[in-house]
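[1] fold the following.
(chains A and B)
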Number of protein chains: 2
Amino acid sequence: MPKSERIPENAGRFAYEGLERVLHEKARLGIMTSLVAHPDGLLFNDLKELCALTDGNLSRHLKVLQDASLVEVWKGFKNKRPQTLCRVTADGRNRFLDYVSVLEQVIADAAEAARAPAAARRSRNLLGGWSPA
Amino acid sequence: MPKSERIPENAGRFAYEGLERVLHEKARLGIMTSLVAHPDGLLFNDLKELCALTDGNLSRHLKVLQDASLVEVWKGFKNKRPQTLCRVTADGRNRFLDYVSVLEQVIADAAEAARAPAAARRSRNLLGGWSPA
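    A predicted model of the protein is given here:
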């Protein structure tokens, strides 16, 4: 690493504390994006299709999001058939947008990291007593 | 939702299949970003500080990344003291950059989703037989 970079000053630089675990899960990320895009709510079956989830998986993840007050779930009827409507809460929308701003930082860091020359690494042999762990 | 939007055509739109699970974990995301930024490798203790992880957690996550061929771990000596050096593999760098490009899609989707008017949702009461689940 460049001599100018001092690790202690960068302690926790890549800890990403803001990546709230309840949101940082692949399926729940898709569910929340879908619901924020549809502020009037989505029917269970439509949400299931958008996120390519099974009934069981969607139910399980909705329960986690509901327990965290990110999503609300309503039961009702549409065309005389029982339906489940899922909506993001006001708090859920705000927390999701906060989460996304941390993701933006991850991407900015990754873009900067990717500018480090990969080729230089491959040409450097680990001599001097290093051996695979 | 707007009448023009048809869910079946958007099936799987928010599934984010490319979010490889081994990389989509908060701590491992930090580890990979750190290592891609430091292609010559990082000593265990420096990596631990950058990611604000304990010895045990860093070891556990490195094992997962090593088993997935994303990271290589070397043992050696520096200033006569035993050291562990961690480096991203060429494959690991490529897979991480692929993963980041999916994250970019998530952010683009979220930014578009956030343009849906939140206020409209709050003013709409769920009448007509809907009740909390």
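[2] chain neighbours aside, what residue packs nearest to the residue nearest to the spatial centre of chain A?
    For chain A, the residue nearest the mean C-alpha position is A:His24 (3.4 Å; C-alpha atoms, centre = their mean). Among residues not flanking A:His24 along the chain, B:Lys26 sits closest, at 5.9 Å (C-beta to C-beta, 6 or more residues apart in numbering or on different chains). (Glycine included, C-beta is placed from N, CA and C.)
[3] have a look at chain A and report the helix or strand with the lowest mean pLDDT.
    Ranked by mean pLDDT, DSSP states H and E, the helix or strand of chain A with the weakest confidence is helix A:118-123, at a mean of 50.
[4] what residue ranges in chain A score low on pLDDT?
    By pLDDT under 70, the weakly predicted segments of chain A are A:1-6, A:118-128.
[5] how about the strands in it?
    Here chain A has its strands, by DSSP state E, at A:42-43, A:71-78, A:81-88, A:131-132.
[6] and the last one with chain B, contact?
    When you say that, I think you mean strand A:131-132. Yes. Using C-beta under 8 Å from any C-beta of the partner chain, strand A:131-132 reaches chain B at A:Ser131, A:Pro132.
[7] so how far is that strand off the chain centroid?
    35 Å (C-alpha atoms, centre = their mean, to the nearest Å).
[8] strand partners of that strand, parallel vs antiparallel please.
    Strand pairing for strand A:131-132, determined by DSSP bridges: strand B:71-78 (antiparallel).
[9] list the buried ones in the partner strand?
    By 16 or more other C-beta atoms under 10 Å in any protein chain shown, the buried positions in strand B:71-78 come out as B:Val71, B:Glu72, B:Val73, B:Trp74, B:Gly76.
[10] ok, now stretch A:35-53?
    Taking 16+ other C-beta under 10 Å as the criterion, stretch A:35-53 shows A:35-39, A:41-44, A:46-53 as buried.
[11] let me know the angle separating the biggest helix by length in chain A from strand B:81-88.
    Criterion DSSP state H: the longest helix present in chain A is helix A:90-114. Following axes from the mean of the first three to the mean of the last three C-alpha atoms, to 10 degrees, one obtains 110 degrees for the angle between helix A:90-114 and strand B:81-88.
[12] which elements pack onto helix A:90-114?
    Applying 3 or more C-beta pairs under 8 Å, 6 or more residues apart in numbering or on different chains; DSSP states H and E, one finds that helix A:90-114 makes contact with helix A:26-37, helix B:26-37, helix B:90-114, helix B:118-123.
[13] number of nearby residues for the closest residue to A:Leu19 other than its chain neighbours?
    Leaving out its chain neighbours, the residue that sits closest to A:Leu19 by C-beta to C-beta, 6+ apart is B:Lys26, at 4.7 Å. By other C-beta atoms under 10 Å in any protein chain shown, 19 other residues sit near B:Lys26.
[14] contacting residues around the closest residue to A:Gly76 other than its chain neighbours?
    Distance criterion C-beta to C-beta, 6+ apart; nearest residue to A:Gly76, sequence neighbours excluded, is B:Trp130 at 3.7 Å. The contact partners of B:Trp130, by C-beta atoms under 8 Å, 6 or more residues apart in numbering or on different chains, come to A:Trp74, A:Lys75, A:Gly76, A:Leu85.
[15] I figured the first one hits B:Pro132, correct?
    The reference is to A:Trp74. Yes. Here A:Trp74 reaches B:Pro132: they are 6.0 Å apart, a contact under C-beta atoms under 8 Å.
[16] brilliant, that's me finished.
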